[in-house]
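A.B. asks: Below are the sequence and a predicted model; questions follow.
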Amino acid sequence: MEDDRELGDMLAEVFVDQGYTVERALEGQRGLHLALSRRYDALIIDRGLPVVDGLDLLRRLRRQAVAVPVLMLTAFGDLADRVAGLDAGAEDYLVKPFEIDELLARVRALHRRNLDQAALLPLGDGWLDSASSTVRLPSGEQVTLSGRESRLLHALAARPRQVHTRASLRQRVFDGARTEAIVDTYVYYLRNKLGPGVVRTVRGVGYRLGEL
């Protein structure tokens with residue numbers, strides 16, 4: 001949400017080139033409508049939007065329990081302004097002018113954090129509901145997982161392009177269990193329930209998300 005058309009055009013082009021799907025709003029009322037009616041992985045909100053300013057927009061979103069992570073852009077770099085943005089519910093704050101590489105890095109961090117905390121994660125044409133430990137298959141069938149199976153699949157689905165080592169999965173999912181063999185055991189369980197392709201083995205490295 002950026003009212004400077006030239007800057008907004010440039011940022012949209014950069015994010016599209018990085019593989020993101022981008023929607024823009026030139027004023028706060030339109031941004032509020034989009035954020036309340038659609039689902040986004042992250043929002044970038046300019047502090048100085050017309051009609052409804054960025055700070056008020058963010059407060060309204062949080063009052064409506066919209067939990068999407070927000071990066072606030074501002075031309076004001078003083079401490080009071082940064083504190084106001086963070087207190088309103090922004091996860092991060094960036095002062096203009098800024099470097100594009102830093103903006104991209106901050107948005108990637110917000111996206112990772114959002115996926116790590118999300119209750120619903122896509123599995124190709126299916127879904128993982130971590131809250132109920134169930135997977136909805138593309139056919140519509142639901143499969144119930146154990147708590148550990150669900151946590152393992154969530155770790156893979158939250159970062160679907162990443163190859164996860166057995167050591168990292170042992171620490172994150174299995175609370176530092178004594179051996180990495182426990183990871184292999186639960187990968188076997190997931191494949192039995194969801195099909196052999198749901199978890200891919202990357203030889204010599206570990207595992208990554210596959211397909212249902």
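C.D. replies: Noted; the coordinates are in hand.
A.B. asks: domain parsing for this protein?
C.D. replies: 5-117, 120-209 (automatic domain parsing).
A.B. asks: now those domains as CSV including mean pLDDT and mean neighbour count?
C.D. replies: Bear in mind the C-beta positions are built from the backbone N, C-alpha and C, glycine included. Output for the domains of the chain, formatted as CSV (pLDDT from 0 to 100; neighbours: other CB atoms under 10 Å):
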stretch, mean pLDDT, mean neighbour count
domain 5-117, 87, 16
domain 120-209, 91, 16
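A.B. asks: for the protein, which helix is longest?
C.D. replies: In the chain, taking DSSP state H as the definition, the longest helix is helix 100-117.
A.B. asks: Following element in sequence after it, please.
C.D. replies: Following helix 100-117 in sequence order, the next helix or strand is strand 120-123 (DSSP states H and E).
A.B. asks: Run me through the strand neighbours of that following strand, direction for each.
C.D. replies: Strand 120-123 has the following strand partners under DSSP bridges: strand 126-129 (antiparallel).
A.B. asks: Just the residues contacting the strand it pairs with, thanks.
C.D. replies: Defining contact as CB atoms under 8 Å, 6 or more residues apart in numbering, one finds that strand 126-129 is touched by 119-122, 134-138, 150, 153-154, 157, 212.
A.B. asks: which stretches of this protein form strands?
C.D. replies: Counting by DSSP state E, the segments of the chain that form strands are 43-46, 70-74, 92-95, 120-123, 126-129, 134-136, 142-144, 164-165, 199-202, 206-209.
A.B. asks: Generate CSV for those, with distance to Arg172 as supplementary columns.
C.D. replies: Compiled in CSV, the strands of the chain are given as follows (distance: least, CB to CB, whole Å):
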stretch, distance to Arg172
strand 43-46, 27
strand 70-74, 25
strand 92-95, 23
strand 120-123, 15
strand 126-129, 16
strand 134-136, 19
strand 142-144, 22
strand 164-165, 8
strand 199-202, 15
strand 206-209, 12
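A.B. asks: Select, out of these, the one closest to Val183.
C.D. replies: Val183 lies closest, by CB to CB, to one member of these: strand 206-209, at 7.4 Å.
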